[in-house]
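> Got a predicted structure here, sequence first:
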Amino acid sequence: MSTNVIKIITAVLTAFAIVTIAVAISQSSANAQSGEQHYVAHYTSSGEMTLPPNNIWRTWIFVGSPLTPNALNSGNAGFPEYHNVYIQPWAYAAYRTTHEFPEGTIMFKELQLTLPPAQNPDGSRSEASGRGYFPGAFNGADVTVKDSKRYAATGGWGYFDFNHHEPKAAKTAVQPKEMCAFCHLQGAKKDEVWTQFYAILEQ
């Protein structure tokens with residue numbers, strides 16, 4: 001076999017290998033993106049929910065960020081942080097179409113403290129943009145998951161506390177009804193979700 005023929009065969013095989021690797025990487029990336037786009041809750045064998053990986057919730061649809069700081073609640077707010085709430089893109093798309101939260105919906109509430117130190121009696125600060133409250137350090141997360149069968153005892157939603165401090169827990173058990181669900185059942189406007197606080201869910 002001549003040297004030229006060997007070079008041609010080698011070049012063809014190299015090109016084929018490059019194409020094969022590129023296709024494999026592309027498929028792997030597509031599968032990963034598909035998994036991210038349709039993310040659902042994951043559980044351990046004992047039923048604990050695991051924290052979504054890689055801060056993936058920050059790539060979801062941002063719903064809103066209510067704030068109940070200590071300074072406006074006699075120094076002892078139940079949730080003295082911004083409630084940065086996110087929902088998976090696929091669940092939000094379904095909600096926009098049906099006006100119902102689909103099974104598997106996750107409402108991820110990442111807690112974020114106000115920036116210290118407070119400069120005014122009401123806990124506010126004065127910055128270049130004006131006087132107000134400004135987000136500071138992250139402070140854990142609370143998560144709700146819609147699963148009508150698994151969480152029938154709490155109205156079809158499961159409630160999880162991933163710590164009210166950092167780092168967030170890697171996994172956590174569902175909260176009893178008296179810890180979280182009762183408040184949502186009594187006060188949330190729609191399907192245990194405080195849609196009255198989130199304008200994009202009211203449109």
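The structure has been received and is ready for your questions.

> any chance you could map the helices in the protein?
Assigned by DSSP state H, the helices in the chain fall at 3-37, 89-98, 181-187, 199-202.

> Report the strands that pair with the lengthiest strand in the chain, each with its relative direction.
Criterion DSSP state E: the longest strand present in the chain is strand 135-146. Next to strand 135-146 in the sheet, as set by DSSP bridges, lie strand 106-114 (antiparallel), strand 157-161 (antiparallel).

> one step back: pick out the shakiest of the helices of the chain, pLDDT-wise.
Among those, helix 3-37 carries the lowest mean pLDDT, at a mean of 43.

> residues in contact with N120?
Residues in contact with N120 (Cβ atoms under 8 Å, 6 or more residues apart in numbering) are S126, R131. C-beta here means a position set from N, CA and C on the backbone, and glycine is covered the same way.

> Quick one: closest of the strands paired with strand 135-146 to A128.
Smallest distance to A128 across the strands paired with strand 135-146 (Cβ to Cβ): 16.8 Å, for strand 106-114.

> now that closest one against helix 89-98, angle please.
110 degrees (axes from the mean of the first three to the mean of the last three Cα atoms, to 10 degrees).

> Show residues contacting strand 106-114.
With Cβ under 8 Å, 6+ apart as the test, strand 106-114 has contacts from 39-41, 52, 57-58, 60, 63, 65, 67, 69, 79-88, 91, 123, 133-146, 164, 193.
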